[in-house]
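Chemist: Structure for the following, please:
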Amino acid sequence: MLTNLKLFDDHDNRTQIINQFYNGLNQENIHDAVIALEERKHQDFPHGSVYFKNDLSKAKQDELNLNESDGLFIIEENGTQKGSIIPLHDIVQYLATNRERIAQEKSLSLIQLENIIDRLELTLKSEDL
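Modeler: Sure, this is the predicted structure:
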């Protein structure tokens, strides 16, 4: 799990990892990604995975300094892992900012994507994250 992981924490690399993560999703597994974000539970995808605080050992949580609202997004490329710790509100902002492009690429209606964004915003508000 998390071996040979190269972590990036600057804005440009975080944005690139978010882009790569969402570009690797399709119409079916984008819903799995949303559920993983809502429930903050680990989920594997063909191109990477996402982990949350409770998915990791206490030592790994401390090492990564994960907050409750953070996801550790990992992209697998050529046998290596690169990742970034990304707060849920950044994901919501990414989806909202790129809604037209994402809806078109994932064959979703704008209403479906708006519902996804609303669900994630509700998760943030209901848990004061």
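Chemist: Phi first, then psi, for the residue with the largest distance to the centre of the chain.
Modeler: Most distant residue from the mean C-alpha position of the chain: Ala59, 21.8 Å away (CA atoms, centre = their mean). Here is the backbone geometry of Ala59 (degrees, to the nearest 10): phi -60, psi -40.
Chemist: Centre of the chain to stretch 89-97, how far?
Modeler: Centroid displacement of stretch 89-97 relative to its chain, using CA atoms, centre = their mean, to the nearest Å, is 10 Å.
Chemist: show me what contacts His47?
Modeler: Contact partners of His47, counting by CB atoms under 8 Å, 6 or more residues apart in numbering, are 20-21, 24, 75-76. Just so you know, the C-beta spots here come from the backbone N, C-alpha and C atoms, and that holds for glycine as well.
Chemist: Put the buried members of these into a PyMOL selection.
Modeler: Selection of the buried residues among the contacts of His47 in PyMOL, burial being defined by 16 or more other CB atoms under 10 Å:
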select buried, resi 21+24+75+76
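Chemist: So which of the contacts of His47 is the closest to Asn54?
Modeler: Comparing these against Asn54 with CB to CB picks out Phe21 as the nearest, at 19.9 Å.
Chemist: What's the separation between that closest one and Lys125?
Modeler: 23 Å (CB to CB, to the nearest Å).
Chemist: Ok, Leu25 next?
Modeler: For Leu25 relative to Lys125 (CB to CB), the value is 24 Å.
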